[in-house]
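K.L.:
Give me coordinates for this.
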Amino acid sequence: MENIASQIVDWIKTYAENARVKGLVIGISGGVDSAVVSTLCARTGLPTLCLEMPIHQAESHVSRAEEHIAFLKAHYPNVSNLRTDLTPVFDQFVAQIPPTDKSTYEMALANTRARLRMTTLYYFAGLEGYIVVGTGNKIEDFGVGFFT
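P.N.:
So this is what the prediction gives:
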């Protein structure tokens with residue numbers, strides 16, 4: 001398993017170097033996907049910016065994200081972090097869209113949350129000359145219909 005992790009770390013580092021970026025940016029949700037991918041990013045030695053971007057987030061998710069970032073920062077000096085609470089942005093968006101009773105409303109809002117987070121990741125990546133590292137999985141591609 002360590003061999004596979006090392007190969008992935010090398011691939012991420014080579015990709016970033018070929019793209020001529022200064023570092024990596026990744027969203028930390030408190031879930032397994034972002035924990036694994038951010039650890040692999042940290043292991044590259046490249047500057048790695050971990051972003052927390054809660055939108056009406058459960059406290060357990062927030063605390064898991066904070067604990068994971070603290071772990072990364074304690075073990076990898078190349079890791080930094082920022083927290084951007086997107087709840088007010090999301091709430092303002094919801095207040096501006098027309099009300100609906102369509103059955104697809106909740107799914108559309110779930111996609112909106114993901115896209116607000118991705119916009120934020122790309123903002124910070126552009127600001128720092130970094131590249132966004134995604135944490136998507138097959139269920140997002142086929143079950144939900146988006147990749148973050």
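K.L.:
Go through stretch 27-37 and flag the buried ones.
P.N.:
Buried positions in stretch 27-37, judged by neighbour count with 16 or more other C-beta atoms under 10 Å: 27, 28, 29, 30, 34, 35, 37. (Glycine included, C-beta is placed from N, CA and C.)
K.L.:
chain center to that stretch, what's the gap?
P.N.:
7 Å (C-alpha atoms, centre = their mean, to the nearest Å).
K.L.:
distance between the ends of it?
P.N.:
From its first residue to its last, stretch 27-37 covers 10 Å (C-alpha to C-alpha, to the nearest Å).
K.L.:
Give me the contact list for it.
P.N.:
For stretch 27-37, the surrounding residues in contact (C-beta atoms under 8 Å, 6 or more residues apart in numbering) are 26, 38, 50-53, 57, 60-65, 68-69, 81, 117-118, 120-121, 133-137, 148.
K.L.:
In helices, which of the residues you listed appear?
P.N.:
38, 60-65, 68-69, 117-118, 120-121 (DSSP state H).
K.L.:
ok, and the most crowded of these?
P.N.:
residue 38 (29 neighbours; other C-beta atoms under 10 Å).
K.L.:
got a list of what that one touches?
P.N.:
Residue 38 neighbours (C-beta under 8 Å, 6+ apart): 26, 28, 48, 50, 68, 72, 133.
K.L.:
Out of those residues, which two sit at the greatest distance?
P.N.:
68 and 133 (14.8 Å; C-beta to C-beta).
K.L.:
okay, how far is it across stretch 88-104, tip to tip?
P.N.:
Across stretch 88-104, first to last residue, C-alpha to C-alpha, it's 22 Å.
K.L.:
Show me what it is in contact with.
P.N.:
With C-beta under 8 Å, 6+ apart, stretch 88-104 has contacts from 55, 56, 109, 112, 113, 116.
K.L.:
Save the buried residues of stretch 27-37 as CSV, and put in pLDDT, distance to residue 11 and secondary structure too.
P.N.:
CSV is the format used below for the buried residues of stretch 27-37 (pLDDT from 0 to 100; distance: C-beta to C-beta, whole Å; DSSP: H, G, I helix; E, B strand; the rest coil):
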residue, pLDDT, distance to residue 11, secondary structure
27, 96, 20, strand
28, 96, 21, coil
29, 90, 23, coil
30, 90, 25, coil
34, 94, 18, helix
35, 95, 19, helix
37, 96, 12, helix
